[in-house]
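# Have a look at this fold, sequence not included:
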């Protein structure tokens, strides 16, 4: 068991006194991830607006507190020992829709599914694919997410960030270094930057066609993905070319393989499911097995798409 953070009681009091934020001690993070595994946070705070997000991050950095920002927890596996320090659950979900310019400005804690819904309600097209991205705006930009033929890089125009020194900056799309499941925020250039929000450029569209596209995406997901069972989504990136990580794992004979309560999905081999009682160690073991077997059978090293958080992982 990882020793708990010795400054947490003092930090909890200061968060309450200075920002009016209540911090929960030893709060399980499993319920805040889609895989439903993992241990507790030393301290967990939930923020619901951009102003509070700024304040908590600046205070934590000024005090040199260990800091982790968690969104919807969709591509995250939290270690069984939990996460050291302060964990900020980002629920900053404000959004402004300008139907005349077809622009949506959203806080980083807004869910991508909500972005798709807001766009559809305003008669704006281009964001339908975001319905299938289970994370929030900040996580989707960080990961350069995509689904159903659409990519965040195609619609994001700018991103507001809180820099490591506490200043703020609006970065244009050209400065984000977006590529397949990669961005500046994963690299040295974006080290220490916290995404506060983003601006998306869409187009005016035909409401009936937008609704039909959303229905099509919902139907495809029901038929091809193991929805309703705890998972972290796609485990590995697809290799370059036309290769599929799921097909490679299936060809290695791993579909349906179980370790503890974790299982490689029989519907989609690039998904690891929590069939009940799974631990983070079970999930990690299946991840490592898949990677090793694909390398052995196909000579391809799969790149991990999910983030292993806490413990010795970070």
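Noted; the coordinates are in hand. What you see is a predicted model; the values in this text were computed from it and never measured.
# what are the ranges of the helices in the protein?
8-19, 50-62, 112-121, 137-143, 152-155, 207-224, 245-251, 280-298 (DSSP state H).
# Compare those and report which one is nearest to residue 88.
Closest of those to residue 88 is helix 50-62, at 5.6 Å (criterion: Cβ to Cβ). Using the backbone N, CA and C atoms, a C-beta is placed for each residue, glycine as well.
# sorry, back to before: now render the helices of the chain as CSV, adding mean pLDDT.
Converted to CSV, the helices of the chain look like this (pLDDT from 0 to 100):
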stretch, mean pLDDT
helix 8-19, 96
helix 50-62, 97
helix 112-121, 97
helix 137-143, 96
helix 152-155, 97
helix 207-224, 95
helix 245-251, 98
helix 280-298, 98
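# okay, those helices, which one's buried deepest?
Comparing the helices of the chain by mean neighbour count (mean count of other Cβ atoms under 10 Å), helix 137-143 ranks first with a mean of 27.
# so which of the helices of the chain gets nearest residue 76?
So among those, helix 137-143 is nearest, using Cβ to Cβ, at 8.8 Å.
# which outside residues touch the closest one?
With contacts defined as Cβ atoms under 8 Å, 6 or more residues apart in numbering, helix 137-143 is touched by 69, 71-72, 74-75, 90, 106-112, 115, 130, 133, 135, 145, 152, 156, 159, 176, 181, 183, 185-186, 195, 197-198, 305.
# could you flag which of the residues you listed are buried?
69, 71-72, 74-75, 90, 106-112, 115, 130, 133, 135, 145, 152, 156, 159, 176, 181, 183, 185, 195, 197-198, 305 (16 or more other Cβ atoms under 10 Å).
# The residues you listed in strands, which ones?
69, 90, 106, 107, 156, 159, 195, 197, 198 (DSSP state E).
# ok, which pair from those is furthest apart?
Maximum pairwise distance among those (Cβ to Cβ): 18.7 Å, between 69 and 156.
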